[in-house]
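In: sharing a model prediction with you, sequence too.
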Amino acid sequence: MRGLADRKNEDSMGQQRMTQRCSSIVVALVLLLTSLLVAMAGSEDQIPVGLFSQAQPGTTLPAGWKPLTFDKIPIHTQYDLVTDGKTVVVKAVSQQSSSGLTREITIDPKEYPVVQWRWKVENVLKHGDVTEKSGDDYPARLYITFEYDSSKVGFFEKAKYGAAKLIYGQYPPIGAINYIWESKSPIGTIVPNPYTDRVNMIVIESGETRLHEWITEERNVYEDYKKAFGEDPPKISGVAIMTDTDNTKERAVAYFGDIVFKKK
């Protein structure tokens with residue numbers, strides 16, 4: 001009889017432990033669901049594009065990002081996920097090189113007009129010059145491209161875009177904005193890229209005053225596009241970061257933090 005009672009007690013204790021485990025699992029699931037709902041609610045106000053801070057240092061880049069290289073430039077900039085302070089960021093080292101990291105993403109700039117990001121630069125380029133092909137290098141730039149819109153181009157340009165789609169499988173961007181860290185041009189300068197007027201350069205940092213300092217930048221892409229191109233922008237098609245020194249034959253080191261688009 002004593003053995004039977006002991007077994008009953010053991011069964012009762014086992015059921016209690018099982019009930020406690022189930023309760024713990026339910027609580028964990030509730031907490032997980034709550035965090036997901038909070039994240040979903042927050043996503044209505046902003047679109048994360050580059051969450052580098054959530055990646056592991058020394059690993060590949062977060063999902064969705066890929067290298068951006070150019071056929072005629074054989075030496076590529078080195079990009080790595082590193083820890084700076086307590087935050088994971090992208091470190092870029094350019095030695096007479098040029099390449100970037102890009103993410104294809106569709107964003108309506110009317111709904112999410114503000115882009116916010118962080119960056120830090122170790123040096124500016126002695127021979128950098130936003131107005132000259134020979135000086136078209138920057139220690140740091142944020143590159144935003146815009147979707148092709150046939151209503152915004154003439155007959156011959158439509159033919160060029162059509163030919164490009166046959167070759168590459170998709171239309172190239174109709175235009176782009178480059179937010180750049182320039183060597184000497186005044187902050188606020190807006191000029192066409194020396195290689196193409198489909199890209200406009202906007203100087204938001206210049207010179208050596210803020211070297212080695214993390215800076216949080218915020219720009220209204222919608223308004224900047226209107227100032228640069230004189231018309232409302234189409235949808236955003238992609239975002240890229242780049243550090244390049246192939247024209248000036250110099251060296252540059254920069255760091256890039258998280259990138260998000262926000263409502264106004």
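Out: Yes, it's here.

In: so which residues of the stretch 151-264 of the chain form strands?
Out: Listed from the start of the chain, the stretch 151-264 of the chain has strands (DSSP state E, counting those that start in this stretch) covering 175-182, 190-192, 199-206, 215-220, 236-244, 251-262.

In: quick one: which of those strands is nearest residue 68?
Out: Closest to residue 68 of these is strand 236-244 (CB to CB; 5.4 Å). For the C-beta atoms, the positions are set from N, CA and C on the backbone; glycine is no exception.

In: quick one: strands adjacent to the closest one?
Out: Paired strands of strand 236-244, with direction, are strand 100-107 (antiparallel), strand 138-146 (antiparallel) (DSSP bridges).

In: for that strand, the distance to its chain's centre please.
Out: Mean C-alpha position of strand 236-244 versus that of the full chain (CA atoms, centre = their mean, to the nearest Å) differs by 7 Å.

In: for stretch 202-220, same thing?
Out: Relative to its parent chain, stretch 202-220 has a centroid offset of 16 Å by CA atoms, centre = their mean.

In: would you turn the strands of the stretch 151-264 of the chain into TSV with mean pLDDT?
Out: Shown next, in TSV, are those (pLDDT from 0 to 100):
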stretch	mean pLDDT
strand 175-182	96
strand 190-192	97
strand 199-206	97
strand 215-220	98
strand 236-244	97
strand 251-262	98
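
In: dump those strands to JSON lines, plus mean neighbour count and distance to residue 116.
Out: As requested, the strands of the stretch 151-264 of the chain are exported to JSON lines (neighbours: other CB atoms under 10 Å; distance: least, CB to CB, whole Å):
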{"stretch": "strand 175-182", "mean neighbour count": "24", "distance to residue 116": "11"}
{"stretch": "strand 190-192", "mean neighbour count": "14", "distance to residue 116": "20"}
{"stretch": "strand 199-206", "mean neighbour count": "20", "distance to residue 116": "12"}
{"stretch": "strand 215-220", "mean neighbour count": "14", "distance to residue 116": "5"}
{"stretch": "strand 236-244", "mean neighbour count": "24", "distance to residue 116": "12"}
{"stretch": "strand 251-262", "mean neighbour count": "20", "distance to residue 116": "5"}
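
In: tell me which of the strands paired with strand 236-244 is the most buried.
Out: Mean neighbour count, computed with mean count of other CB atoms under 10 Å, is highest for strand 138-146 among these, reaching a mean of 25.

In: of all the strands of the stretch 151-264 of the chain, which lies closest to residue 87?
Out: Using CB to CB, the nearest of the strands of the stretch 151-264 of the chain to residue 87 is strand 251-262, at 6.9 Å.

In: returning to that earlier point: of all the strands paired with strand 236-244, which one is nearest residue 64?
Out: Nearest of the strands paired with strand 236-244 (CB to CB): strand 100-107, 4.9 Å.

In: quick one: the closest one to chain centroid distance?
Out: Relative to its chain's centre, strand 100-107 lies at 7 Å (CA atoms, centre = their mean).

In: for stretch 70-80, same thing?
Out: Offset of stretch 70-80 from its chain centre (CA atoms, centre = their mean): 18 Å.

In: list the buried residues for it?
Out: 76-77, 79 (16 or more other CB atoms under 10 Å).

In: contacting residues for residue 91?
Out: 79-82, 84, 253-255 (CB atoms under 8 Å, 6 or more residues apart in numbering).

In: mark out where each domain of this structure begins and ends.
Out: 1-44, 46-262 (automatic domain parsing).

In: quick check: which of these is buried the most?
Out: Among those, domain 46-262 has the highest mean neighbour count (mean count of other CB under 10 Å), at a mean of 17.

In: can you tell me how far the spatially closest residue to residue 64 that is not a sequence neighbour is from residue 237?
Out: Residue nearest to residue 64 in three dimensions, not counting chain neighbours: residue 103, with 4.9 Å by CB to CB, 6 or more residues apart in numbering. To residue 237, residue 103 is 10 Å away according to CB to CB, to the nearest Å.

In: swap in residue 55?
Out: According to CB to CB, residue 55 and residue 237 sit 23 Å apart.

In: now swap in residue 220 and tell me
Out: Relative to residue 237, residue 220 is positioned 18 Å away (CB to CB).
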